[in-house]
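Asks: A structural model of the following input is requested.
(one chain, ligands or ions: 1)
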Amino acid sequence: MIQIFGVIGDPIGHSLSPEMHNAAYHALGLDCIYLPFHVRAERLRDAIEGAGALGIRGLNVTVPHKVAVMELVEPDLLARKIGAVNTIDFATLKGYNTDVAGITGSLESAGVDLRGKRVLLLGAGGAARAAAFASIEAGCKLVIANRTRSKGEKLADELGRGVNAIGLEDDEIGPAIAESDVLINATSVGMYPEIDKIPIRPELLHPDLVVFDLIYNPLETMLLSEAKKKGCKTISGVKMLVYQGAASFRIWLGIDPPVDVMETVVRERLIL
Ligand code: NAP
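Replies: Numbering: from 1, shown residues only. This is a model prediction of the structure:
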């Protein structure tokens, strides 16, 4: 019998997940389908209960439901630490967060071993939390730089383990970049349509830096293009999108997805 998967969010029309997962099912000859479902906040409980009752096998959860859905499923330890669920397995009603796997998978695929590295993380929102936990799990020395300093400090306090929080001003961010091996941009600065924006001054970049921008639209942000000019290794957020999807796929189906097929489909959609 066909197995049904999907993604819930509000809005949902922009989601690239249906094409990404359906391409993977097609490539592996699986009798599965993945659909987008527009769910408003006030119908979230109905949607989760209804999905379970209908025998839907798994759902991804996107903005704005990632936090609210935690009450409706059983989040695993990592999802509880991050404070958000993006994957539900209806076989167990367990909730997972695959954003950390998305970040570590992206770095591994680029040949970057995060273990013990000095990481400078720009941002302190939802995506930054996943990047922070990925860095802590890998034993990194982490500095969080956020526009609203108090929010960065709150995240640093929560993480403990000597994590520092700074602002985005040149006098603080300059020395922090000079002392870092990996720069992760988890702010929305540079995201479509504001593609001519950059979160830091490009002059501060150095060639030994790996620059990972979590933004996937555009595929190459201003930050990545400036980092390339400086000779940095660069990683696009499209990788995170694909590897978090791949991790959901593994949770649901217990097999490895064709990551290259998924990435090709997403890149094609983003170029259009
Ligand atoms: P969020 O929770 O709203 O956090 C936004 C972050 O950006 C905050 O730290 C915010 O700082 C900062 N920011 C916003 N405007 C800024 C500006 N003008 N100058 C400096 N900092 C600014 O959003 P999110 O969910 O974490 O998403 C952040 C980015 O990650 C988005 O571009 C999103 O597309 C991307 N993302 C990618 C993936 C993927 O799969 N590749 C997954 C999730 C998210 P304040 O605290 O000062 O407001």
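Asks: So the most centrally placed residue in the chain versus H21, what's the distance?
Replies: Central residue of the chain (CA atoms, centre = their mean): D99, 4.3 Å from the mean position. Noted for D99: a distance of 16 Å to H21, by CB to CB, to the nearest Å. (Glycine included, C-beta is placed from N, CA and C.)
Asks: Excluding chain neighbours, give the residue nearest to V63 in space.
Replies: G9 (5.7 Å; CB to CB, 6 or more residues apart in numbering).
Asks: wait, I meant H21
Replies: With CB to CB, 6+ apart, the residue lying closest to H21 is Y34, at 3.8 Å.
Asks: Is that neighbour in a helix, a strand, or coil?
Replies: strand (DSSP: H, G, I helix; E, B strand; the rest coil).
Asks: what's the neighbour count on it?
Replies: 27 (other CB atoms under 10 Å).
Asks: which SS class is V85?
Replies: coil.
Asks: got the contact list for it?
Replies: Residues counted as contacts of V85 (CB atoms under 8 Å, 6 or more residues apart in numbering) are 61, 66, 69-70, 73, 75, 79, 95-97.
Asks: again, 6 Å this time
Replies: 61, 69-70, 75, 79, 95 (CB atoms under 6 Å, 6 or more residues apart in numbering).
Asks: Okay, and which of those map to strands?
Replies: Of the contacts of V85, the ones assigned to strands by DSSP state E are 61, 75, 95.
Asks: ok, the second one - how many residues close by?
Replies: Pointing back at P75 there. 21.
Asks: Please name the bridge partners of it.
Replies: G95 (DSSP bridges).
Asks: and if you look at the first one?
Replies: Beta-bridge partners recorded for V61 (DSSP bridges): I8.
Asks: In contact with it, which residues?
Replies: 8, 69, 85-86.
Asks: per-residue confidence at it?
Replies: Predicted confidence (pLDDT) for V61: 98.
Asks: residue ranges for the strands of the stretch 101-250 of the chain, please.
Replies: 118-122, 141-145, 164-166, 182-185, 210-213, 233-236 (DSSP state E, counting those that start in this stretch).
Asks: got JSON lines for those, with distance to the ligand too?
Replies: Output for those, formatted as JSON lines (distance: least, CB to the nearest ligand atom, whole Å):
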{"stretch": "strand 118-122", "distance to the ligand": "7"}
{"stretch": "strand 141-145", "distance to the ligand": "9"}
{"stretch": "strand 164-166", "distance to the ligand": "11"}
{"stretch": "strand 182-185", "distance to the ligand": "8"}
{"stretch": "strand 210-213", "distance to the ligand": "9"}
{"stretch": "strand 233-236", "distance to the ligand": "8"}
